[in-house]
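A.B. asks: Need a 3D model of the sequence below.
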Amino acid sequence: MLALLCGRLFALCALVAALAPVARAACPSVTACEQYNLPCNTSFAALDPDFDNVKDDDDGGGGALLCLVVNCSGRAAQLQGEIPCDLPSNTWALLLADIGMAGNFLFQTLLERAPSMFSQYNIPHQPLVDLHANALTGIQVPPASWWAGRSLSASLDLSGNSITSIQPGAFNGATIYGSLDLSGNNITSIQDGAFIDATITGNLDLSDNNITPIQQYAFASATIGYNLVLSGNSITSIQQYAFQGASIGNLDLSGNSITSIEPGAFFLATISGDLVLSSNNMTSIQQNAFSDINIGNTLDLSGNTISSIAGGANIGAFANATMVSLDLSSNRLSALQADTFGGLNINGNINLFNNKISVLQNGWYSAFPLEANI
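C.D. replies: Alright, predicted model coming up:
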């Protein structure tokens with residue numbers, strides 16, 4: 001009967017429908033959260049224990065300046081997994097741990113709810129967004145141009161969620177003035193181009209996940225200011241060009257199950273500190289595995305089961321590589337060929353302690369001055 005009436009009075013029904021309120025999901029208010037001021041030099045570890053290994057670049061103003069903390073952590077009943085819509089524009093630390101947030105994390109939502117976190121004016125007192133211990137399962141890949149002319153000016157803690165993978169382009173061209181913590185999730189792979197061209201001025205922590213492959217171009221041309229931590233995973237291989245052209249402070253890949261590093265994996269990469277690959281399962285080092293890499297300190301390959309190294313000035317494992325020191329201690333090398341370290345530029349030492357070297361062919365060390373510890 002109602003349908004018949006509306007059919008005859010179409011215009012009236014259309015007007016009523018237009019005037020009817022539209023049902024929308026409720027957006028929680030910041031009044032559900034605790035708000036207080038702390039000195040701007042308060043360490044992130046004091047606010048968020050998961051960030052205890054993250055370098056805090058905040059100069060703190062000598063402790064004289066106060067910054068606003070909005071603490072919503074544990075208020076799942078009030079927030080229902082949502083970021084408050086009416087955050088004060090001067091929010092410095094936004095604590096959203098254990099608020100029931102599920103599904104994919106969206107940078108667009110963070111921008112809409114907390115625009116001050118994308119303001120470069122906050123950089124002298126670097127803000128924090130803490131979203132650890134929620135039920136996030138992924139990171140929504142933003143549109144290709146989303147990061148153009150835009151940057152996150154805060155450290156972001158997404159640790160202790162249920163994120164399973166970093167999809168291609170998830171951080172393509174991203175700029176984060178701070179650190180990104182993705183440790184302690186269920187990430188199984190860093191996919192092709194996941195962090196391509198990304199800039200993260202602090203640390204990128206991917207430790208204690210279940211990562212098995214680092215796919216090609218995963219970190220190509222990425223810039224990580226301090227530490228890229230991939231230790232404590234189940235990484236078996238580093239694929240071709242995975243770190244091509246990357247610029248990283250220190251790269252920690254220790255304590256995995258790496259058996260192979262594909263040719264060109266680190267092509268033209270710059271590691272200003274240490275590249276640590278100790279305690280893995282490598283039995284050999286392939287041709288061009290570390291070709292054209294520049295390492296400011298040590299390449300640590302200790303504690304593997306390496307028994308052979310591809311030699312040659314142009315196709316060898318270390319062709320055109322530059323580093324201060326090379327640590328091959330506690331492996332299974334039994335012989336060094338004349339061209340084992342062909343093409344390697346080194347100005348420190350090579351540590352070969354605790355191997356089983358019985359054959360040294362003349363000229364394996366003549367290309368460079370060094371101290372060999374056999």
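
A.B. asks: So what sits opposite residue 128 in the bridge?
C.D. replies: For residue 128, the beta-bridge partners are residue 93, residue 155 (DSSP bridges).

A.B. asks: got the contact list for residue 205?
C.D. replies: Applying CB atoms under 8 Å, 6 or more residues apart in numbering, we find residue 205 in contact with 53, 54, 159, 179, 180, 181, 182, 183, 227, 229. Placement of C-beta: from N, CA and C, glycine included.

A.B. asks: surely residue 344 meets residue 314?
C.D. replies: No. Contact status for residue 344 versus residue 314: not in contact, 11.9 Å apart, counting by CB atoms under 8 Å.

A.B. asks: out of the two, which sits in the busier spot?
C.D. replies: Using other CB atoms under 10 Å, the more surrounded residue of residue 344 and residue 314 is residue 344, with 22 against 11.

A.B. asks: Spatially nearest residue to that one (excluding sequence neighbours)?
C.D. replies: Using CB to CB, 6 or more residues apart in numbering and skipping the chain neighbours, the partner closest in space to residue 344 is residue 318 (4.0 Å).

A.B. asks: Doesn't that neighbour lie inside a strand?
C.D. replies: No. Judged by DSSP: H, G, I helix; E, B strand; the rest coil, residue 318 forms no part of a strand; its state is coil.

A.B. asks: which phi and psi does it have?
C.D. replies: The phi/psi pair for residue 318 (degrees, to the nearest 10) reads phi -120, psi 30.

A.B. asks: My read is that it contacts residue 343, right?
C.D. replies: Yes. If you go by CB under 8 Å, residue 318 and residue 343 touch, sitting 6.0 Å apart.

A.B. asks: Give me the more crowded residue out of the two.
C.D. replies: Between residue 318 and residue 343, counted using other CB under 10 Å, the more crowded position is residue 318 (28 against 21).

A.B. asks: Just list the residues touching that one, thanks.
C.D. replies: Contacts here follow CB under 8 Å, 6+ apart; on that basis residue 318 touches 290, 291, 326, 341, 342, 343, 344.

A.B. asks: rerun at 7 Å
C.D. replies: Residue 318 is in contact with 290, 341, 343, 344, counting by CB atoms under 7 Å, 6 or more residues apart in numbering.

A.B. asks: Do I have it right that the last one meets residue 321?
C.D. replies: Going back to what we said before, that points to residue 344. Yes. The criterion here is CB atoms under 7 Å, and residue 344 meets it with residue 321 at 5.4 Å.

A.B. asks: how close does residue 133 sit to residue 227?
C.D. replies: In this view, residue 133 and residue 227 are 22 Å apart by CB to CB, to the nearest Å.

A.B. asks: likewise residue 142?
C.D. replies: Applying CB to CB, the value for residue 142 to residue 227 is 25 Å.

A.B. asks: got it, and residue 361?
C.D. replies: Look at residue 361 and residue 227: by CB to CB, they are 38 Å apart.

A.B. asks: now residue 65
C.D. replies: In terms of CB to CB, residue 65 sits 28 Å off from residue 227.

A.B. asks: cool, residue 42 as well?
C.D. replies: Counting by CB to CB, the gap from residue 42 to residue 227 is 22 Å.

A.B. asks: which of the residues in stretch 243-253 are buried?
C.D. replies: Using 16 or more other CB atoms under 10 Å as the test for burial, stretch 243-253 gives 243, 244, 245, 246, 247, 248, 249, 250, 251, 252, 253.

A.B. asks: Can you tell me which of those residues end up in helices?
C.D. replies: Of the buried residues of stretch 243-253, none are assigned to helices by DSSP state H.

A.B. asks: Just the ones in strands from the residues you listed, please.
C.D. replies: With DSSP state E as the criterion, strands contain 247, 248, 249, 250, 251, 252 from among the buried residues of stretch 243-253.

A.B. asks: for those, which one is nearest residue 137?
C.D. replies: Using CB to CB, residue 252 comes nearest to residue 137 of those, at 25.9 Å.

A.B. asks: Which pLDDT value belongs to the closest one?
C.D. replies: Turning to residue 252, the model gives it a pLDDT of 98.

A.B. asks: Over to residue 116?
C.D. replies: On the pLDDT scale, residue 116 is placed at 89.

A.B. asks: What about it, how many residues nearby?
C.D. replies: So residue 116, with other CB under 10 Å, has 18 neighbours.

A.B. asks: Can you pull the phi/psi pair for it?
C.D. replies: Residue 116 adopts backbone torsions of phi -60, psi -20, taken as degrees, to the nearest 10.

A.B. asks: Would you check that it makes contact with residue 91?
C.D. replies: Yes. Contact status for residue 116 versus residue 91: in contact at 5.8 Å, counting by CB under 7 Å.

A.B. asks: Which residues lie in contact with the residue lying closest to residue 209 once chain neighbours are set aside in this structure?
C.D. replies: Leaving out its chain neighbours, the residue that sits closest to residue 209 by CB to CB, 6+ apart is residue 187, at 4.0 Å. Listed by CB under 7 Å, 6+ apart, the contact set of residue 187 reads 163, 164, 165, 166, 206, 209, 210, 211.

A.B. asks: Among these, which lie within strands?
C.D. replies: 165, 166.

A.B. asks: Give me the buried entries from the contacts of residue 187.
C.D. replies: 163, 165, 166, 206, 209, 211.

A.B. asks: of all these, which comes closest to residue 103?
C.D. replies: Taking CB to CB as the measure, residue 103 lies nearest residue 163 of those, at 10.8 Å.
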